[in-house]
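In: Predicted model, plus sequence, below.
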Amino acid sequence: MKQSIEARDRKIAVLSEKLNSHLSLFDSIEKEAFSVKQVVDNVERIVIAGLRREMDQVSAFEKAFVERINDLENRLKNDGYEFQRKNKIISELEAQLEAAKISDCSRAQIEEISTQKTISAKDTVIQNLVSEKETLHFEVRSLANILQKIQNAVAHMNEEDRRAVSSKLESQEECQMNTSEEDNRIQDTTKHSAEQSPNKTCRIDAAENRGIE
């Protein structure tokens, strides 16, 4: 009986040790699982934060890209209006030049000299405007081609394409600034030429001739 009790106590002690060992193992596994969960949570937060930053960058780029496209469309439209305006100026100057060429040949020599000076000045202005018209026409076609390429590439655009488009937009913006400065110079030249009328020049030359006599 005593031996049976001792054997049972030994079994209970062994089972108690095994139970304690299993409990320790469970505690260790629970701690490890908690650590793994913390790592996973941290990684998840980092990944989500990174994705949000990427989405914000993509949204900002898309907004800037749409603004650039709208700006290009507006510039293309303005260039078309400017092209029509210069065509009108050229037509008016050509009409004035033709009228001056077929004017009365019996005018005095002083008026004829004045008319020749005016014609020469208008010829120069017309040549400059024709040259500027050709340049503007080339720029309008270039802008149209660039805009068409951009619109075709928007749906399949990647990071490399975006950098290339941004570079083209900056180059086009510099070209537009140079064209605006040249247009201002041509407008000043046209205004100065229009202010010098043949009658005013004739009166000045006639007065000078009377002074010489």
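Out: Arrived safely, thanks for sending. Source: prediction; values computed, not measured. Numbers count the residues shown, from 1 in each chain.
In: Below-threshold pLDDT in this structure: ranges please.
Out: By pLDDT under 70, the low-scoring segments of the chain are 1-2, 103-110, 154-166, 168-213.
In: longest single helix anywhere in it?
Out: Ranked by number of residues, the top helix in the chain under DSSP state H is helix 2-101.
In: so what does it touch, helix or strand wise?
Out: Helices and strands touching helix 2-101, by 3 or more Cβ pairs under 8 Å, 6 or more residues apart in numbering; DSSP states H and E, are helix 109-153, helix 159-195. Where C-beta positions appear, they are placed from N, C-alpha and C, glycine not excepted.
In: How much space separates E67 from E73?
Out: Noted for E67: a distance of 11 Å to E73, by Cβ to Cβ, to the nearest Å.
In: More neighbours: which of those two?
Out: Comparing E67 with E73 by neighbour count (other Cβ atoms under 10 Å), the higher total belongs to E73, at 13 against 10.
In: Give me the neighbour count for T115.
Out: Neighbour count of T115, defined by other Cβ under 10 Å: 18.
In: so it makes contact with I102?
Out: No: T115 is beyond contact range of I102, at 11.2 Å (criterion: Cβ atoms under 8 Å).
In: what residues do these two have in common as contacts?
Out: Here T115 and I102 have no joint contacts, going by Cβ atoms under 8 Å, 6 or more residues apart in numbering.
In: Show me which positions of stretch 117-128 end up buried.
Out: T118, I119, K122, V125, I126 (16 or more other Cβ atoms under 10 Å).
In: quick one: the fourth one and L93 touch, right?
Out: Yes: when contacts are counted by Cβ under 8 Å, V125 is listed as touching L93 (6.3 Å).
In: can you count the residues close to A153?
Out: Residues near A153, counting by other Cβ under 10 Å, number 14.
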